[in-house]
Structure formats: structure tokens, C-alpha cells
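[1] Sequence and predicted model, in that order:
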Amino acid sequence: KQHGDHWAMKEAIQRLKEVSGCAPTNTLAACIANIKQEHGACNVQVHMKGYRFSLVAEEKEVPEKLEQAQRQVGELNHATKCVIATEMKLQEMVRVRVSWRRQ
């Protein structure tokens, strides 16, 4: 499961880079900046709350390319939450095992 979630996260990042016109070596921040610049009229912003993040635009009607980027950010958010959840479970399992061994 963890490997699949990590792979899904990497794939979402790669597709976001493709949609935003960024090179595979570009950072995620550079891709978001590129999207914001390209779709400046839509006032694109990244919204974050806890472990949730999304790409939002003020305009109700957004260009198809921006809509694709929003979908990819949504997929990235989902995959990231899965990776974090799995990591937290693994950490808890390690803590339980360590405390059990100390007894």
C-alpha cells in the first residue's frame, strides 16, 4: 500500500508538471508559480488547511488547462494524505513494538 501511494504521489506531481508546462526537473513551487502566471486573470491560489491543499481560482469558468491542473493538485493532495496516513500508522506500530520490548 505504501509503495502504491508513494507512486501515485509521484505520478500526480509528474502530470502536474506536464499540465503546467514545467520541465521534469522543476520544483513543485516553480510549477505552481508557472500556473499562477499563465492564468493570472483567474487569480489562482493554493489553499491549505491541515493536510488538505487545493488549487483554487476566483473565476467560475476556468480554462481547460487550469481545470486539469486543479484536478492534478486534487490527486496529489489525496495521494499525499494516503502517504502521511500510512507513515503515521507505521510510526505507531514502531512505538508499540518498542514499548512492548521495554516491558
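    Nice, I can see it. What you are looking at is a predicted structure, and each value in this text was computed from that prediction instead of being measured.

[2] Now do the buried residues in stretch 21-35.
    Applying a neighbour-count criterion of 16 or more other CB atoms under 10 Å, one finds 22, 31-32, 34-35 buried in stretch 21-35. Bear in mind the C-beta positions are built from the backbone N, C-alpha and C, glycine included.

[3] Tell me which residue lies nearest the centroid of the protein.
    In the chain, the residue lying closest to the centroid (CA atoms, centre = their mean) is L76, at 3.1 Å.

[4] Tell me who's in contact with it.
    9, 12-13, 16 (CB atoms under 8 Å, 6 or more residues apart in numbering).

[5] Where does it sit: helix, strand or coil?
    Assigned with DSSP: H, G, I helix; E, B strand; the rest coil, L76 falls in the helix class.

[6] What separation do you get for it and C22?
    Distance of L76 to C22, given as CB to CB, to the nearest Å: 14 Å.

[7] V56 now?
    With distances taken as CB to CB, V56 is found 20 Å from C22.

[8] Which strand or helix spans the residue lying closest to M9 once chain neighbours are set aside?
    Spatial nearest neighbour of M9, excluding adjacent residues (CB to CB, 6 or more residues apart in numbering): A79 at 3.9 Å. Element membership of A79 [criterion: DSSP states H and E] is helix 64-102.

[9] Next, the buried residues of that helix.
    Judged by neighbour count using 16+ other CB under 10 Å, the buried positions of helix 64-102 are 66, 68-70, 72-73, 75-77, 79-83, 86.

[10] quick one: buried residues of the helix or strand harbouring E11?
    Element membership for E11 (DSSP H and E) is helix 2-20. The neighbour-count criterion (16+ other CB under 10 Å) identifies 5-6, 8-9, 12-13, 15-17, 19-20 as the buried residues of helix 2-20.

[11] what's the answer for stretch 43-60, then?
    By 16+ other CB under 10 Å, the buried positions in stretch 43-60 come out as 44, 55, 57.
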